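Enquirer: okay, here's the prediction I keep looking at, along with the sequence it came from:
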Amino acid sequence: MDKCKQNIILFDLDGTLTDSMEGVIRSVQYMQEKKGMKVWDFEDLRFIVGPPLFESFTKELAMAPEEAEEATAIFRERYSTIGLFENEVFPGIVEMLEELKKKGKRMAVATSKKENLAVRILEHFDIAKYMEVIGGDAREIGRDTKAKVIDYVLETMNAEKDDVIMVGDRKFDIIGAHALGIPCIAVEWGYGDRAEFEAHDADYIVATTEDVANLF
């Protein structure tokens, strides 16, 4: 496999750097219970980890926009205090980041998670120090898609698109990167699978954190 020449690497957060599934799903169940909805089984809510929450509530749970806003606020009641730390860094992530740092790569996070929550998580697990920028959802100012988050991170880093590559675990990372003409490395240790990656034309598909480091 040819080496990637890009000097700037953007990482998704949920499913790429950390395994956040338990905290996200438990907080969605909390929201469902508090709103008097049927509380879905844990396994049936796995799809909700990764995509923008508002999008999942409107499209997958068929909520009107106003209801989705309310549901998101209720979700965050639990997630911002308990759920964000029901989470762990995937094995090999720190070693991968250290290796990429040694190779002189500039790194940042581009996530659909609310930006302040992403910062708290990365600081809690002591991996914020590897990131030049942590960019996340800011729906209140119109930054509400993965492409917009990526674009914000690039602008903040004063980055040229041909020197940037995205690393993520879901189709949303591929779609967002490709919308800006940026290639994407899809990782198999997260919440997506090879069929999803191939269907959305991931530029690279890798199985391990070592594979990511070895691409550069």
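Expert: Received, thanks. Since we're looking at a predicted model, the values are computed, not measured.

Enquirer: what residues go with each domain of this protein?
Expert: 8-19+88-214, 21-85 (automatic domain parsing).

Enquirer: make JSON lines from the ones you listed and add distance to Asp2, mean pLDDT and mean neighbour count to it.
Expert: In short, each C-beta sits where N, CA and C put it, glycine included. JSON lines is the format used below for the domains of the chain (distance: least, Cβ to Cβ, whole Å; pLDDT from 0 to 100; neighbours: other Cβ atoms under 10 Å):
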{"stretch": "domain 8-19+88-214", "distance to Asp2": "9", "mean pLDDT": "96", "mean neighbour count": "19"}
{"stretch": "domain 21-85", "distance to Asp2": "28", "mean pLDDT": "94", "mean neighbour count": "17"}
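
Enquirer: longest strand in this structure, by residue count?
Expert: strand 106-114 (DSSP state E).

Enquirer: what lines up beside that one in the sheet?
Expert: strand 8-11 (parallel), strand 133-137 (parallel) (DSSP bridges).

Enquirer: now the angle from the helix or strand following that strand to strand 133-137?
Expert: The helix or strand immediately downstream of strand 106-114 is helix 115-124, counting by DSSP states H and E. Orientation check (axes from the mean of the first three to the mean of the last three Cα atoms, to 10 degrees): helix 115-124 against strand 133-137 gives 140 degrees.

Enquirer: all the strands of the protein, residue numbers only.
Expert: 8-11, 18-19, 88-89, 106-114, 133-137, 164-168, 184-187, 204-206.

Enquirer: how about residues contacting stretch 72-79?
Expert: The contact list for stretch 72-79 (Cβ atoms under 8 Å, 6 or more residues apart in numbering) reads 23-24, 26-28, 30-31, 34-35, 53-54, 57, 114, 117.
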